[in-house]
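A.B. asks: The following block contains a protein sequence and its predicted model.
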Amino acid sequence: MRTLPPIFWHALLAAELPYETSRAIVESLGMSSLEPLSALRSWPGLSTAVRSRLDRVDARRVQDLLAKGYWWREGTTIESLAEVPAAPWGLFGRGQSSVLDRPSVAIVGTRQASPYGKACARKFAEHLAEAGWVVLSGGALGIDAQAHEGALAVGGSTVAVLGTGADIVYPAAHGPLYERMCVDGAVVSQFALGTASFPGNFLHRNDVIAALAHVVLVIEAPSGSGALRTAQTAVDLSKPIYVVPGPLSTGRFKGSHGLIRDGATLVDHPGQITEEIGFIDEFIRSPETEERVEGDEAILQFLDETPKLIEELVGATGRDASDLSAAMTLLEMDGLVTRTPSGYIITP
């Protein structure tokens with residue numbers, strides 16, 4: 001079967017053709033000697049709008065990005081996508097293409113995450129990355145960002161699946177995060193290079209996250225959250241779904257709790273997931289992990305059987321209140337501290 005060049009795939013994606021038309025074009029070129037881009041432009045029956053989109057394809061810009069390290073992988077070369085019905089034709093990306101061939105866990109949830117949700121996302125990502133799993137998420141604010149950060153904090157690999165072109169930094173604040181991710185992970189997209197942010201793109205992005213991942217973990221998903229789309233697609237693909245529960249007093253976890261009612265597995269500690277899906281690589285702690293462990297030990301020195309409020313611990317440790325709250329959530333999940341109505345105590 002003929003290998004088609006990245007510029008062709010970019011143009012095909014930019015044309016936004018119906019799937020059946022795209023498939024007919026790809027199949028016709030698979031055994032043809034025609035120049036792919038010219039053949040695409042001359043395909044009979046293309047609408048004026050499609051031809052206009054093709055006319056705007058900037059081949060020079062695409063070649064420049066490829067020269068800078070961007071790449072294209074056809075879906076048939078990515079094992080997790082190869083057998084998925086209506087899977088994307090492939091992915092543009094930057095970073096390490098080979099990371100897509102490793103076992104991965106998707107961690108997804110709301111952009112408007114609570115401190116508790118963010119702390120859970122980071123803790124689960126750290127543990128799963130330590131176990132050798134690649135952490136997948138959508139590169140968004142909130143749960144996604146904490147999942148990526150958690151994997152990086154322990155020297156693990158993480159992949160962001162974007163709802164824009166792979167060359168578009170969205171949200172803009174995540175530029176430095178994406179640069180760090182690309183050292184041992186990747187930033188990928190099923191959309192043409194240069195594709196801007198459109199709401200509908202993110203639903204399709206969520207489907208790709210589910211298709212790429214071997215397991216999906218949902219953290220803090222309210223009703224209507226895009227994370228529920230990821231979970232539903234994963235269910236359709238017969239992939240395991242895990243859900244972290246939250247307080248009943250808030251609607252932030254209403255979608256999450258609905259997934260549990262529908263049969264997803266409730267987890268309240270990352271070890272429960274790795275007990276089922278296993279460990280892949282022997283992990284060597286990074287300096288960042290050592291710093292985190294030392295910081296947690298410093299907190300524990302100030303705790304005893306007398307309850308202490310966060311405000312007291314802020315004064316004792318000198319740490320930021322939001323950072324300390326997240327750390328206390330992690331310690332509580334590990335069973336090292338207990339939260340009482342009067343404050344935190346060391347677990348008896």
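C.D. replies: That came in fine, so what should we check first? From a predicted model like this one, the values you see are computed outputs, not experimental measurements. Numbering: from 1, shown residues only.
A.B. asks: Could you chop this protein up by domain?
C.D. replies: Following automatic domain parsing, one finds the domains of the chain at 6-57, 97-277, 287-346.
A.B. asks: Quick one: the strands in the stretch 1-150 of the chain, in order.
C.D. replies: Shown for the stretch 1-150 of the chain, the strands assigned by DSSP state E, counting those that start in this stretch span residues 71-74, 90-95, 104-109, 134-137.
A.B. asks: Direction included, what does the last one pair up with?
C.D. replies: The one in question is strand 134-137. In the sheet, strand 134-137 lines up against strand 104-109 (parallel), strand 158-161 (parallel) (DSSP bridges).
A.B. asks: ok, residues contacting it?
C.D. replies: Applying C-beta atoms under 8 Å, 6 or more residues apart in numbering, the external contacts of strand 134-137 come out as 99, 102-108, 125, 128-129, 143-144, 147-148, 150-151, 156-161, 185, 209, 212-213. To be clear about C-beta, it is placed using only N, CA and C from the backbone, and glycine gets the same treatment.
A.B. asks: Quick check: buried residues in that strand?
C.D. replies: For strand 134-137, burial by neighbour count (16 or more other C-beta atoms under 10 Å) applies to 134, 135, 136, 137.
A.B. asks: Check the gap between the second one and residue 263 for me.
C.D. replies: In this structure, residue 135 lies at 24 Å from residue 263, with C-beta to C-beta, to the nearest Å as the measure.
A.B. asks: which stretch among the strands paired with strand 134-137 comes nearest residue 91?
C.D. replies: Across the strands paired with strand 134-137, residue 91 has its closest neighbour in strand 158-161 (8.2 Å, C-beta to C-beta).
A.B. asks: just the angle between the longest helix along the chain and strand 104-109, please?
C.D. replies: The longest helix of the chain (DSSP state H) is helix 115-130. Orientation check (axes from the mean of the first three to the mean of the last three C-alpha atoms, to 10 degrees): helix 115-130 against strand 104-109 gives 180 degrees.
A.B. asks: What is helix 115-130 packed up against?
C.D. replies: Secondary-structure packing of helix 115-130 (3 or more C-beta pairs under 8 Å, 6 or more residues apart in numbering; DSSP states H and E): strand 104-109, strand 134-137, helix 143-153, strand 215-219, helix 271-277, helix 321-333.
A.B. asks: Dump these to CSV, plus distance to residue 72.
C.D. replies: Formatted as CSV, the helices and strands packed on helix 115-130 follow (distance: least, C-beta to C-beta, whole Å):
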stretch, distance to residue 72
strand 104-109, 20
strand 134-137, 19
helix 143-153, 23
strand 215-219, 26
helix 271-277, 30
helix 321-333, 38
